[in-house]
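Chemist: my questions are about this predicted structure, shown below with the sequence.
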Amino acid sequence: MTAIVVFIDQINASGTLHSTSQQLLTLARSAGEAVVVVAGPVSEDLAAELGVHGVARVLHSEQSELADFLIAPKADLVAQVAASVSASAVLLENSPAGKEIAARVGVALNAGVITDAVTVENQGGALLAHKSVLAGSYMVQAQATSAVTVISVKSHSVEARAAAQTVVPVVERIEVTFGPASLGARIIRRTSRTASGRPELEDARIVVAGGRGLDGDFGPVEELADVLGAAVGASRAATDAGWISHAAQVGQTGKKVSPQLYISVGISGAIQQKAGMQTSKVIVAVNKDSESPVFEIADFGIVGDLFKVLPQAVEEIKRRRS
Amino acid sequence: MENAALNIVVLVKYVPDTQFDRHLTGENHRLDRNESILSELDEYALEAALAITDDRGGAKAGNFVTALTLGPASAVAAVKKSLQIGATSGVHVSDEALAGSDAWSTSLALAAAVRTLGPVDLIITGMSSTDGETSLVPTQLAARLGLPAITFASSLELDGTTVTARRDGDDVSEDIQATLPVLVSVTDQANEPRYPNFKGILAAKKKKITTLSLADIGLSADAVGHIGSLTRVDSAAERPARTAGTIITDAGDAGIQLVDFLAAQKLI
């Protein structure tokens, strides 16, 4: 059976299997035999979880370069393992690091790279990727024409499922050779941000996003997000104003999200914002300006004062639940 | 020690204006490139290059900022705009055989073009194009040229030959250091791009734009374009345009109506 390499980053990680990795393993199993490459240690918990997902073979490296330099050494690791197991495909998560590894593996293995896949199907051994392009205005089906296919896959491409049979993976520690240029960009400082405890934007079923209309006060948006178990997003205007971290930005130059429900609050909905959210299943908009372009794409729109509408909705949700 | 003059290359791309509807056409589902402009995200790359060379005495002190593009004849407009903003010269890789190139073959051609420019100290790019949006090309170009890459830099400084950049991730910010030569892609947080002024527009007319064919950069036609690319688009479907749903004006109970809507949609 053909080997499908799945990369899992355990540098500065929790030692457990992230839901996105579980989805990649489910995809890999549908197309061949998943061979997992881990940067960093393989904890007992991680090995057990990989076994539940039917992974029989894990190769990992704990070389210090993987943590000390920016991304490129991880790509060397993935490319060398993929070549050594004659992988037909390499699957990565669609994070900036995942896409960069994909790019480098593409050059190293002369492999076509497809990013931002929302689904991947196995058609007689060929992996067909579906992705949304031009700010969500088209869906395309694409494939690599090379011997090896490299795909970075967005969250929720598939429902993660355990394998029919749990196995005990063979975990092999390896050393790889790093290219000279891979050791050129050194990480001299890492500054962690405190976690909000809310879901990650690209993972969340519901996103509540705020913009200029909040006038610096994200309180109402956060309260609504918390009663809904939602992630908090923001327009570029709000992040540029410094009201919230740039990591929360949804839009052309921020996160591209497609949750079940996107609640847009005090955001006009110009093209920069639309490019990041118009593939959401249901869009709700609250804005005091009835001319805001967001109302052209909203399934339910409220022209009104968000500082009245949001608290009222929060109270109503709490009331119905009690 | 006096800082040496710099040779900086900035990648610029001529892309359909995102303010208008964009379309895929033809059997290979290529992008209709009418109504195109210099990619907004490349303006940040150009600004980063100009800020660095300004600090070192600009063009007068022998610093070069070359705007490099790859694309059809019309793409020279992106180079011209870059020259108006302040780049010192332009290079346009143009060949019919390049049409339909994916990231793999685009980076192959760009690497070949960069090699014709002599020793380059710094390559600066935007965080992605605004059309393909894969962010693959900067990294692939660095890999092909054997350069370290610092991607998604939200700040960029050069001290002597040491580049320091910051990358802002979701949970962590990283400070990265590298020694020239290096490739850096910058985000839209990196700076405030300057606009071309009247003097710049006049000066641009005297600046040199070199057009390079595939033969000039030593590549054969089958290494690039539709034939050389390693990915293909099998099919494309335009997503039905979203239409407006129910819009209400708050009469005091809009918050409750919102909850009714969410409940009806089984979202709460």
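Modeler: Yes, it's here. What you are looking at is a predicted structure, and each value in this text was computed from that prediction instead of being measured.

Chemist: what's the spacing between the longest strand that chain B contains and its chain's center?
Modeler: Longest strand of chain B, by residue count under DSSP state E: strand B:149-159. Chain-centre distance of strand B:149-159: 15 Å, with Cα atoms, centre = their mean, to the nearest Å.

Chemist: which stretches of the stretch 151-268 of chain B form helices?
Modeler: Ranges of helices within the stretch 151-268 of chain B are B:198-204, B:225-228, B:254-264, based on DSSP state H, counting those that start in this stretch.

Chemist: I'd like these as a markdown table, with mean neighbour count and mean pLDDT appended.
Modeler: For the C-beta atoms, the positions are set from N, CA and C on the backbone; glycine is no exception. Converted to a markdown table, those look like this (neighbours: other Cβ atoms under 10 Å in any protein chain shown; pLDDT from 0 to 100):
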| stretch | mean neighbour count | mean pLDDT |
| --- | --- | --- |
| helix B:198-204 | 13 | 97 |
| helix B:225-228 | 18 | 95 |
| helix B:254-264 | 19 | 98 |
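
Chemist: which stretches of the chain have low pLDDT?
Modeler: You didn't pick a chain, so chain A it is. Chain A contains no residues with pLDDT under 70.

Chemist: actually, chain B is the one I wanted.
Modeler: Residue ranges of chain B with pLDDT under 70: B:1-2.

Chemist: now the residue in the stretch 1-150 of chain B that chain A sits nearest to: closest residue in space, sequence neighbours ignored.
Modeler: Scanning the stretch 1-150 of chain B for the residue nearest chain A gives residue B:148, at 2.6 Å (criterion: Cβ to the nearest Cβ). Leaving out its chain neighbours, the residue that sits closest to residue B:148 by Cβ to Cβ, 6 or more residues apart in numbering or on different chains is residue A:184, at 2.6 Å.

Chemist: ok, now residue A:223?
Modeler: Distances taken as Cβ to Cβ, 6+ apart place residue A:314 nearest to residue A:223, at 5.1 Å, with adjacent residues excluded.

Chemist: any idea how many residues pack against residue A:182?
Modeler: When neighbours are counted by other Cβ atoms under 10 Å in any protein chain shown, residue A:182 registers 24.

Chemist: now residue A:190
Modeler: When neighbours are counted by other Cβ under 10 Å, residue A:190 registers 13.

Chemist: doesn't residue B:168 make contact with it?
Modeler: No - at 11.6 Å, residue A:190 does not count as touching residue B:168 under the criterion of Cβ atoms under 8 Å.

Chemist: can you give me the end-to-end span of stretch A:272-289?
Modeler: Distance across stretch A:272-289, first residue to last, is 18 Å (Cα to Cα, to the nearest Å).

Chemist: check whether that stretch comes near chain B.
Modeler: Yes - using Cβ under 8 Å from any Cβ of the partner chain, we find that stretch A:272-289 touches chain B at A:275, A:278-279, A:282-284, A:286.

Chemist: show me the residues around the closest residue to residue A:227 other than its chain neighbours that make contact.
Modeler: Closest residue to residue A:227 apart from its sequence neighbours, by Cβ to Cβ, 6+ apart: residue A:317 at 4.9 Å. If you count contacts by Cβ atoms under 8 Å, 6 or more residues apart in numbering or on different chains, residue A:317 has them with A:227-228, B:259, B:268.
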